[in-house]
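S.K.: Sequence and predicted structure below; questions after.
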Amino acid sequence: MTFNIPLIVLIAVLGLLGIGLYCLLASRNLIKVVVALQIMVKGAMLLLVLVGRLRNQIPLAESMAFTVIVADTIVAVVGLALAVQIRRHFGTLDIKALTTLKR
Amino acid sequence: MAYTLILLAIGLPWVGALLVWWIGDKHTKAQHTLAVVFALAAAAASVALLPSASPQIVFSLPAGDAFGDFTFVADGLGVFLAVVATVIGSLAVIFSIDYMKGEKQLGRYYAFVLFFIGAMVGLVLTSNLLLMFVFWEITALCSYALIAFHNDDPKAVAGGIKALIITQIGGIGLLLGALLLKSNTGSYDINALLADPSLLGPRSLAVMAFGALIAAAAKSAQFPFQTWLPDAMEAPTPISALIHAATMVNAGVYLLARFYPAFAGVPGWREAVMAVGMITALMAALMALVANDLKRVLAYSTVSQLGYMVYAVGTGGIFASQFHLFSHSIFKALLFLGAGAVIHAVGTRDMREMGGLGKQMPFTRFVFIIGALALAGLPILNGFWSKELILESGLANGPLWMYVIMVISAGLTAFYTFRMVYMVFFGKPASEKHVHDAGPAMKVALIPLAIGAVISFLAAGYFSHLLSDATLPYHGVEALPLLTILEEVFTWPTLVALAVVALGLLAWWQRDKLVGLGKALKPIGWAAEHSFGFEAINKGIVRCTQGIAEALRVTQTGSLAWNVVGILAGLILVLAILAIGGR
Amino acid sequence: MVYILCVVGVLVCAIQAIRSKRLIVAALWLAGTSALTALLLYLLGAPDIAVVELSVGAGLVTVLFVFAINIAGEENLPSVPAVPRWLTWLFVGITVILVGWFAWQGLPDRLAIVSEGNFNLTLWQDRRIDLLLQIVLLFCGSLSVLGLMAEETPHLQEKEKDA
């Protein structure tokens, strides 16, 4: 296991993924959740480009990374718009207070 | 050329759906106009597609390896059904202008109707089985949403959920067939299978064939799935005319007709199809005899006539079944819309509270009688020609006892049709209400249908051309000129059938004298009223499904974090399976 | 060498983003993460993607976050998570290990810097459906934001008056 570039980038990817996932599960504030999603998507994008390079399918991987960027931006936009509206309606951004589902 | 027309025929209703919903419920006039405009535009596009019907792939959208290519083929069978769907769709939308006047939430109504029309056109014009399944499900969704349109009425909601559950069970059969096709041949292309049915092994082919039969039976309300259609009559009447008479229930028959060349060789399939059609035709005719709700009678008669079409497909008479589909769409839509005018005027669906309406609603009575005569199968009207073609095909290719039962069903059809017409329009009025005749938009929708019911048999020659080898290479339909087809009908089986129909008419006329016979047959009547036990089975299935859903509610916590945990658990499961199972 | 610095920078920025108490500071650390990811992408040999990521991730999204946080306002919440902490660590651990194991299996020793195939050609022709879907997504996203940010309709206001 030589300490080479793919391994370094892989560590970055796994780190981002783990950090994002932890924040997604453990945060109470809705906007933090959106931040966590963004972090995870950056990790995914890095992985896509890395794998493209390694498998010699570079343009395909880059096209997919492009699509992922667009998609994740839209997710951030809609998520933030939702967060603002939730703040207006419920008065709080606490995810524990956001359950009106009848049990 | 065909490329743009197909895109327009599918895309215009969908764009119209978005626009009508977006305009909002404050501008009802704009909503009405927009809906009519888009529906008519789609109808124009479909009709313009008729001359360019050919078995070539018109366009295909590559969608990756998993979904195959989304191909669209404008062959004769598909184009004809697209024309039926859009033309009757626009007539139903025109009718809705008067029928839904003053109703709230028109945006939701028109959006779903237009969405449905687009999806129906897509269903018949595609040759990718997975895409056909997607469109199938979209039509089921729209049907549910429209049945339960008055969502503060518990009966409507219950009817919608029942329709959804039963047709979804059928959808599983179709999905299974699609997956089998993909895994055995590597693509979802239907035409490849039709050209060479031996692409699938005999067992896979048999599973796919019976799966398609189950899907078609559930969608077209055939035995044993026939109980959802009468309950779907809670929908507004233009919806009943469009979805549950003229288009969506035809999807099942279309599926069987489309796949006939591939499945005809499966042992027992043709007999199963014929049996399903025959049992349905008989049972539904019996149930129509004892029903008192006007729309229920029409619903049962739809099921019965669909049974005729399914029976025809089983005997190999593709042309006969599709011609009957064509005639049936016209006269059934006519009957439903006429019934809608009556129900709108009187305010009730129970026939025992109607009666003697003919004097106050002369126009409606006239068009309704035309539709009823077509349904009963009187000569000259289109129902006669197509029904005789079916019966001849049955005599030539099917067992004799089935033919006899179908002829008896034809007689029963005449009987309950005349009963229905009499109870609504003749006799003593049951109430002293003053009712108005059909409104102007209703008349505009009814007149073309009435004219069609009388003259549409003249299109038989062109129709056989449309379905012949030039455009439909695997089905083996001959292109015959009109006169040959008409001459085919004038043989002795036709006279037998006519005699039975006349017997049915006579029986109604002399019903006072037949009271004794009626008393003897009372147990059958009682069984028919309780739909031969199927209603109970269906209630059980629906209750079971809802019970399971209630029990699983515990997993629906409202908390975001727990939902994410659930998603993550699914991901871990998938990754673990991949890790253990290898590539 | 540069790689190691970049990677360490990305991880530090990400950890700081989730650890900070104030939302605006978290958004700024997220911008830092985006910028360093863009640099990493450039180093990996994908300059097109790097530029897009820089402008969108470090620019547009950060501005959106600042905008939204300004409107929504900061909120001090207790750091007791909704899901028990050990469960979080368990799930995160399992996922990272599984994904890492998968990725490690296909890890040859050297990066293939050879650029084969044209990015433009692939994007605009082979992946046409992707582009179509992106356009649909953009359309839906704008529509939903418009719908969400719209003024409350009169009958909603009436309901609020009654309540």
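M.R.: Yep, that arrived.
S.K.: Counting neighbours, what do you get for the closest residue to chain C within chain B?
M.R.: Distances from chain B to chain C, computed as C-beta to the nearest C-beta, single out B:Ala561 as the nearest residue at 3.8 Å. The way it works is simple: take the backbone N, C-alpha and C, and place the C-beta from them, glycine included. Taking other C-beta atoms under 10 Å in any protein chain shown as the neighbour definition, B:Ala561 ends up with a count of 21.
S.K.: In contact with it, which residues?
M.R.: When contacts are counted by C-beta atoms under 8 Å, 6 or more residues apart in numbering or on different chains, B:Ala561 is found next to A:Leu25, A:Ala26, A:Ile95, C:Pro81, C:Ala82, C:Val83.
S.K.: Within reach of chain B, which of the residues you listed are there?
M.R.: Residues shared between those and the neighbourhood of chain B are A:Leu25, A:Ala26, A:Ile95, C:Pro81, C:Ala82, C:Val83 [C-beta under 8 Å from any C-beta of the partner chain].
S.K.: From the contact counts, what lies against the lengthiest helix in chain A?
M.R.: Secondary structure of chain A read by DSSP state H shows that its longest helix is helix A:58-90. For helix A:58-90, the elements it packs on are helix A:30-55, helix C:47-53, helix C:62-72, helix C:119-121, helix C:128-149, judged by 3 or more C-beta pairs under 8 Å, 6 or more residues apart in numbering or on different chains; DSSP states H and E.
S.K.: Now do the buried residues in that helix.
M.R.: For helix A:58-90, the neighbour count (16 or more other C-beta atoms under 10 Å in any protein chain shown) marks A:58-87 as buried.
S.K.: cool, and stretch B:162-170?
M.R.: Buried positions in stretch B:162-170, judged by neighbour count with 16+ other C-beta under 10 Å: B:Lys162, B:Ala163, B:Leu164, B:Ile165, B:Ile166, B:Thr167, B:Gly170.
S.K.: tell me which of the residues you listed is nearest to B:Leu8?
M.R.: Distances from the buried residues of stretch B:162-170 to B:Leu8 were compared by C-beta to C-beta; the smallest belongs to B:Thr167, at 28.1 Å.
S.K.: Next, the contact list for the closest one, please.
M.R.: With C-beta under 8 Å, 6+ apart as the criterion, the residues that contact B:Thr167 are B:Ala140, B:Ser143, B:Ala218, B:Lys219, B:Trp228.
S.K.: now do 10 Å
M.R.: Taking C-beta atoms under 10 Å, 6 or more residues apart in numbering or on different chains as the contact definition, B:Thr167 lies against B:136-137, B:139-141, B:143-144, B:215, B:218-221, B:225, B:228, B:232, B:248-249, B:251-252.
S.K.: Low-confidence regions, chain A specifically.
M.R.: The model of chain A has pLDDT under 70 over residues A:1-3, A:102-103.
S.K.: which residue does it bring closest to chain B?
M.R.: Among residues of chain A, the one nearest chain B by C-beta to the nearest C-beta turns out to be A:Thr99. It sits 2.9 Å away.
S.K.: That residue and B:Gly558: what is the separation?
M.R.: Relative to B:Gly558, A:Thr99 is positioned 3 Å away (C-beta to C-beta, to the nearest Å).
S.K.: now do A:Val35
M.R.: The gap separating A:Val35 from B:Gly558 is 22 Å, by C-beta to C-beta.
S.K.: In terms of neighbours, single out the busier of those two.
M.R.: Neighbour comparison, A:Val35 and B:Gly558: the larger count goes to A:Val35, with 28 against 14 (by other C-beta under 10 Å).
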